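In: Test case, fold it:
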Amino acid sequence: MSAYQGRSPQGENMLRVIHFDHPRWTPVLVGFLPSVYTKYGQERMDALKLAHPRLFPKHQPGETVRAQDLYVSGKTTDCWGCVWDNLHEGMVGQVVGHPLADWAHWDAWLARRPDPLKDGLLGPRDWNEIQAQIDLKKRLGHFAPDHVLAHGFHYMLLCDLRRFENFMLDMATDEPLLHKLIGVLMDYSAGTVRRLLDAGTEFLGLAEDLGMQDRLPMSLEGWRKFIKPGYECTAGQARDRGLPVFLHSDGHILPIIGDLIETGIRVLNPQIRANGLAGLRDVARGKVTICIDLDRQLFPFASPAELYDHVLTVHDTLSMPEGGLILNIEIGEDVPLENMDAIFSAAEEVCRLPDPETTGGAPIGF
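Out: Modelled structure (predicted):
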């Protein structure tokens, strides 16, 4: 029986990419921040998507991206007691209230810690809905990651709970309560992932920004001692069941890519500017599928010709005939419509995206 039997064109192509088995096209993921729709309006966004059917084969006029959860302006308290503040609707906020900034609050905070089977970041977790989404993808033959842990589930959460400076000092002094806190976070993460795996997911999704602009926020030894265990108890569970793991991670992460692969990461979503194209080629190409984040800091200012050259250079540097490459395009409100059009046109051509009529209108990414 073929390993791709029962798969949709999207599912087969994505599996070929991940398993280095000669995909038909390089998948492309496109995401819009909700603020883009606020700035440009529904009519112009519809026209843009309809002009690129190879990227948006199933787009229907009126489909939109609405601000919700942490993208809504105002203050919100999450299940860990962190207080988020958002000053700009349609973009994500940041934590301004750190419930464990003082260890004196430890006992009271511990008594209110969330339950991995019941509590999502901003409300009750609906396992029936999660199960329905997993089952639907299997019926359709699609292959895409399932995310149940919030963006920033370990390292970033430690910073949000303690404040960045306090967390850095905790690691330097090997604070005993830090080890207890890490244990609480790992119990929650491991329990949540275990429940998802038992629900039958085929592809675990994780997201956390592990790097700064040009370095890790800690030594490699510190990362392995305090952060890597959070990936062993999550990605490691999927790895041990023979399932792939997707990880989005902003910032400079070149020194830990090998460690991440060890924990089970099979698809890594890094940034170009923070890591360097040559660095990603030398450290990651052929060892893990690279879901490369095209340069969002270039998008607002480049000419159409420069944007085409960027897409082509990235593709030529990281692609292999066997697969192992996905392009990720995230659009913010600072990108002009004409630049969006240029990026999309370049991706359609360079990545050999199929005519929707030959794939039944199947999505070409996740």
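
In: going forward, measure contacts and count neighbours with C-alpha atoms only.
Out: Noted.

In: in stretch 229-248, what's buried?
Out: For stretch 229-248, burial by neighbour count (16 or more other C-alpha atoms under 10 Å) applies to 229-239, 243-248.

In: just for this structure, where's the confidence low?
Out: Counting by pLDDT under 70, the chain has low-confidence residues at 1.

In: where exactly do the strands run in the chain?
Out: Counting by DSSP state E, one finds strands in the chain at the ranges 28-32, 74-77, 83-86, 94-97, 146-147, 204-207, 245-248, 265-269, 289-293, 325-331.

In: Let's have those strands in CSV, adding distance to D187.
Out: Below are the strands of the chain laid out as CSV (distance: least, C-alpha to C-alpha, whole Å):
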stretch, distance to D187
strand 28-32, 31
strand 74-77, 21
strand 83-86, 22
strand 94-97, 22
strand 146-147, 17
strand 204-207, 16
strand 245-248, 19
strand 265-269, 20
strand 289-293, 28
strand 325-331, 31
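
In: which one of those lies closest to I130?
Out: Closest approach to I130 among these is made by strand 146-147 (8.4 Å; C-alpha to C-alpha).

In: any idea which residue sits dead centre in this structure?
Out: Closest to where the C-alpha atoms of the chain average out (C-alpha atoms, centre = their mean) is H248, at 3.3 Å.

In: Ok, which of the strands of the chain comes nearest Q10?
Out: With C-alpha to C-alpha as the measure, strand 28-32 is the member of the strands of the chain nearest Q10 (11.1 Å).

In: tell me the angle the closest one makes with strand 325-331.
Out: Going by axes from the mean of the first three to the mean of the last three C-alpha atoms, to 10 degrees, strand 28-32 is angled at 20 degrees with respect to strand 325-331.

In: Paired strands for strand 28-32, with orientation please.
Out: Neighbouring strands of strand 28-32 in its sheet, by DSSP bridges, are strand 325-331 (parallel).

In: Please put the alpha-carbon coordinates of the strand it pairs with into PDB.
Out: Output of strand 325-331 as PDB, limited to C-alpha atoms (Å, rounded to 0.1, in the frame of the first residue of the first chain):
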ATOM      1  CA  LEU A 325      11.600  23.500   2.200                       C
ATOM      2  CA  ILE A 326       8.400  25.400   2.900                       C
ATOM      3  CA  LEU A 327       8.000  29.200   2.400                       C
ATOM      4  CA  ASN A 328       6.200  31.200   5.100                       C
ATOM      5  CA  ILE A 329       4.900  34.600   4.300                       C
ATOM      6  CA  GLU A 330       3.500  36.700   7.100                       C
ATOM      7  CA  ILE A 331       1.900  40.000   6.200                       C
END
